[in-house]
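Undergrad: Provided below are the primary sequence and the corresponding predicted coordinates.
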Amino acid sequence: MLKTEDFWATVIGLLALFGVWMAWQTGSPLAQMVGLNTAGLHWQSFATLFTFFTHKWDAVLLQPIAFSLILAIPVIFLSLDLERFLIGFVALFLLALVTFAIAGWAGAARFELEPPVVALLLGLAIGNTVTIPDWMKPALRVELYLKTGIVLLGATFPISLLLSAGSTALMQAAIGTIITVGVIYGLGRWQGLSHGQAAVLGTGAGVCGVSAAMAAGSAVGARRQEIYQAISLVILFALAWVIVLPQLAMLLGLTPGQGGAWIGTSELADAAGMAAASSFGAMVGHAGAVIKAFTLTKVIGRDVWIGLWAIFWTFTATQHRAPGAQPLSSEQAAAHVWWRRVPKFVIGFLLAAGVMSFLTLQLTPVLRHHLLVPLVGLRTWAFTLCFLAIGLNTHFRQLLAVERRVVLVFSVGVMVNLVVGYVLSVMVFGGQWTALH
């Protein structure tokens, strides 16, 4: 596990939690300084922005140092070039400052351009017009930033809410993923796709995007090209849904809880879903309820199915192995496969939720809010870095180089998932999600 970003994201998130707790206990301003950003500034003139950086220059200098020191440990264990990572991270950090400045502009607030959305658009614009230098690429660790952000999200998530609404989220996620994977797999086989490709496409759309597609691909011994095509389609639809889903949720008049649950059931990736949920939350003015519903259905509900589908596809692979497919490991027993494939950051999320709920049990709502402010700031930094990395890594020309029948199968499945998610979030479990606060 020391060689996985999954593990280190959990470690970083939990260390950040305890660091913020200790800073709050001792009255130190360091946690507030490290989590600071300009996203909520609502500036209307460059003078206001300049004044902010003039007054907070010490925090701006502290942030890249603190982030670099924390990230250096996993970088070493992941066998990355530390020097190139640090140089690239400084460049990524500067782009994040630009992102927060844009998101903090009063005009951006009118269009609900939250930092993750701005980061994605800025990253896509740069990544598709400029060649990213090799020295910057080691710092574009999408999974590390994303999963760290999700663990930090757990620190602000009441464990009582998980106990009260978790069963609904798990049931909705189970129904959604089984129907979506089944539709795509069945349609794919009817269209002449191999067992492996149909399994990868279905799992990528029905569970957790890129991670699920890669896990399914490994389990069934899919060819590299089949996995790459699924990943391309996941990214393409996930990016589109960041813009489309919040607008559709507003158009259909969904409540914050219903909208968050629909996004959590329909989005194809955690990062894109978080951006869409943040955007819809800004539109309706209840970001907390939207993000909670999204987290319950996506992170708690759907992500755990990565391991379960990996087990299922492993057991079916022996009957469907194609010539030239990757050999399956002899140690792929059910328990081993589940533990290897299950997202460790989900465990980190639950630990963070439980620990912080215990630590804040006796605090008043005001004191709890002051404690959580730096954690929310750090979470925003993690997701912003993640979306910048996604945008910089995404090239539209590569996304469009996919077989027509593969696009058809995947698109039909995604639309089915969208409809099923709406029915479950509004008609079946709508009352429970509306009551979520």
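TA: Sure, I can see it. Numbers count the residues shown, from 1 in each chain.
Undergrad: for stretch 392-406, buried residues please.
TA: Using 16 or more other C-beta atoms under 10 Å as the test for burial, stretch 392-406 gives 392, 394, 399, 402, 406. In short, each C-beta sits where N, CA and C put it, glycine included.
Undergrad: check stretch 12-31 too.
TA: 12-14, 16-17, 19-21, 23-24, 30-31.
Undergrad: select, from those residues, the two members most distant in space.
TA: Spanning the widest gap among the buried residues of stretch 12-31 are I12 and W24, at 18.5 Å by C-beta to C-beta.
Undergrad: could you tell me the end-to-end distance of stretch 195-209?
TA: Using C-alpha to C-alpha, to the nearest Å, the end-to-end distance of stretch 195-209 comes out at 18 Å.
Undergrad: tell me the mean pLDDT for that stretch?
TA: Stretch 195-209 shows a mean pLDDT of 87.
Undergrad: so how far is that stretch from its chain's centroid?
TA: 18 Å (C-alpha atoms, centre = their mean, to the nearest Å).
Undergrad: and if you look at stretch 246-265?
TA: 18 Å.
Undergrad: that stretch: which residues count as buried?
TA: Here stretch 246-265 shows 246, 248-249, 254-265 as buried, counting by 16+ other C-beta under 10 Å.
Undergrad: can you pull the pLDDT of R340?
TA: So R340 comes in at 64 (pLDDT).
Undergrad: what segments of the stretch 201-350 of the chain are helices?
TA: Using DSSP state H, counting those that start in this stretch, the helices assigned to the stretch 201-350 of the chain run over residues 209-220, 224-251, 256-266, 270-284, 287-294, 305-320, 334-341, 344-359.
Undergrad: please work out which of these is packed deepest.
TA: Counting by mean count of other C-beta atoms under 10 Å, helix 256-266 has the highest mean neighbour count of those, with a mean of 31.
Undergrad: for the stretch 251-400 of the chain, which spans come out with low pLDDT?
TA: Residue ranges of the stretch 251-400 of the chain with pLDDT under 70: 317-343, 399.
Undergrad: mind doing that once more with 80?
TA: Within the stretch 251-400 of the chain, the ranges that satisfy pLDDT under 80 run 271, 304, 306-308, 310-311, 313-346, 362-365, 367, 396-400.
Undergrad: follow-up on the earlier one: and the buried residues of stretch 392-406 as CSV, adding distance to P138?
TA: As requested, these are arranged in CSV below (distance: C-beta to C-beta, whole Å):
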residue, distance to P138
L392, 12
T394, 17
L399, 23
V402, 28
V406, 31
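Undergrad: pretty sure Y145 contacts I390?
TA: No - in this structure, Y145 is not within contact of I390 by C-beta atoms under 8 Å, at 9.3 Å.
Undergrad: residues contacting the spatially closest residue to L162 that is not a sequence neighbour?
TA: Closest residue in space to L162, ignoring its immediate chain neighbours: A353 at 6.3 Å, by C-beta to C-beta, 6 or more residues apart in numbering. Shown in contact with A353 (C-beta atoms under 8 Å, 6 or more residues apart in numbering): 154-155, 157-159, 162.
Undergrad: what's the separation between A353 and F157?
TA: Taken as C-beta to C-beta, to the nearest Å, the spacing of A353 relative to F157 amounts to 5 Å.
Undergrad: point out where the stretch 101-250 of the chain drops to low pLDDT.
TA: 108-114, 156-166, 208-212, 214-222, 224, 228.
Undergrad: check the buried residues of stretch 246-265 and tell me the two furthest apart.
TA: Maximum distance among these (C-beta to C-beta): 15.9 Å, for L248 and G257.
Undergrad: give me the nearest residue to Q63, chain neighbours excluded.
TA: V34 (5.8 Å).
Undergrad: that should have said W309, apologies.
TA: T203 (5.0 Å).
Undergrad: give me the neighbour count for the one you found.
TA: Residues near T203, counting by other C-beta atoms under 10 Å, number 32.
Undergrad: related to what we said a few turns ago, dump the buried residues of stretch 12-31 to CSV, plus secondary structure.
TA: As requested, the buried residues of stretch 12-31 are arranged in CSV below (DSSP: H, G, I helix; E, B strand; the rest coil):
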residue, secondary structure
I12, helix
G13, helix
L14, helix
A16, helix
L17, helix
G19, helix
V20, helix
W21, helix
A23, helix
W24, helix
L30, helix
A31, helix
